[in-house]
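>>> For reference, the sequence and a predicted model appear below.
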Amino acid sequence: MTVVRTLFVPVGRAVPRAPLAAGGGLGLLLVLASRLTAHPDPQLGLWLLRAAALSGALGAASALDDPARRTTAAVPVPRPLRDGVRLVLVLPVTAAWWAAAVLAAPAGTPVGAATVEAAALAAVAVASACAAVRFAGAAVPGAPAAGGLLVLVAAAAVLPDRAALLVAAGAPGWREAHLRWAALLAAAVAVAVLCLPEPVGRRRPAARRAGRVPGGQRPGAGRPVLPGRSRSAAGAPAGPGAPADRASSR
């Protein structure tokens, strides 16, 4: 726990604030726009909350951006711990921002259902960023993660009714749609956890530096010894009997 506490200050300084602030600020402005009408509409409030959730999720996609990631790969603190601290720092700020957005929504807006949708979008953004770091070694995964999130939302807008995600409040399929949102949230959290370990291939060069090859043998081990050649000439370590072997071969 001492190591975790000492990480909060340096990791907190490294968290990119501009994308998070931009996404959150734009989202709040969108929700506050529903207050401009004389009689705020809950349906309009729902769609504005969805737009705010998307804006916030696009900002959250950059939570793992670290241009110095390749430099800090050699530090003794493992990457899952560093990235986990980043997410722990971002989570309460994001929750407070969403609470403010919900309070600004018109009365009667289904804020509970909108919260499930917002959590799913944010989880997909973070999971995409974790996958970009894990499998591509991306130092700044926010841009590809945001692009993937936009593709997901565009696909959700054209899904057929039997698989729809963006359903109007009270419309047929409202409950089923939010069961799908909850499943998407659970799947995204699982992907994010599975992608937190070190990037694929990070540990493989260590075996080569140790002089090993796949199978646990040293280079040169197992090579056939030709007649008239000593084992040291064939690649095996020279032993006490190596000079005698060379003398007998002359």
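Perfect, thanks for sending it.

>>> Residue 189: neighbouring residues, count only.
16 (other C-beta atoms under 10 Å). Quick note: C-beta positions are derived from backbone N, CA and C, even for glycine.

>>> Distance of it relative to residue 145?
15 Å (C-beta to C-beta, to the nearest Å).

>>> before we move on, what about residue 190?
16 Å.

>>> In terms of neighbours, single out the busier of the two.
The residue with more neighbours, out of residue 190 and residue 145, is residue 145; 29 against 12, by other C-beta under 10 Å.

>>> Hmm, residue 59 and that one touching each other?
No: under the criterion of C-beta atoms under 8 Å, residue 145 is not in contact with residue 59, lying 10.9 Å apart.

>>> Helices of the chain, residue ranges please.
Under the criterion DSSP state H, helices of the chain are mapped to 2-14, 17-32, 42-60, 69-72, 79-104, 111-136, 142-157, 174-194, 204-209, 242-248.

>>> Residue 164: which of those is closest?
Judged by C-beta to C-beta, the one of those that comes nearest to residue 164 is helix 174-194, at 5.6 Å.

>>> I'd like to check the angle between the closest one and helix 79-104, please.
150 degrees (axes from the mean of the first three to the mean of the last three C-alpha atoms, to 10 degrees).

>>> Please point out which parts of helix 174-194 sit buried.
Within helix 174-194, the residues scored as buried using 16 or more other C-beta atoms under 10 Å are 177, 178, 180, 181, 184, 185, 188, 189, 191, 192.

>>> Any figure for the gap between the fourth one and residue 69?
Yep, that's residue 181 we're talking about. 31 Å.
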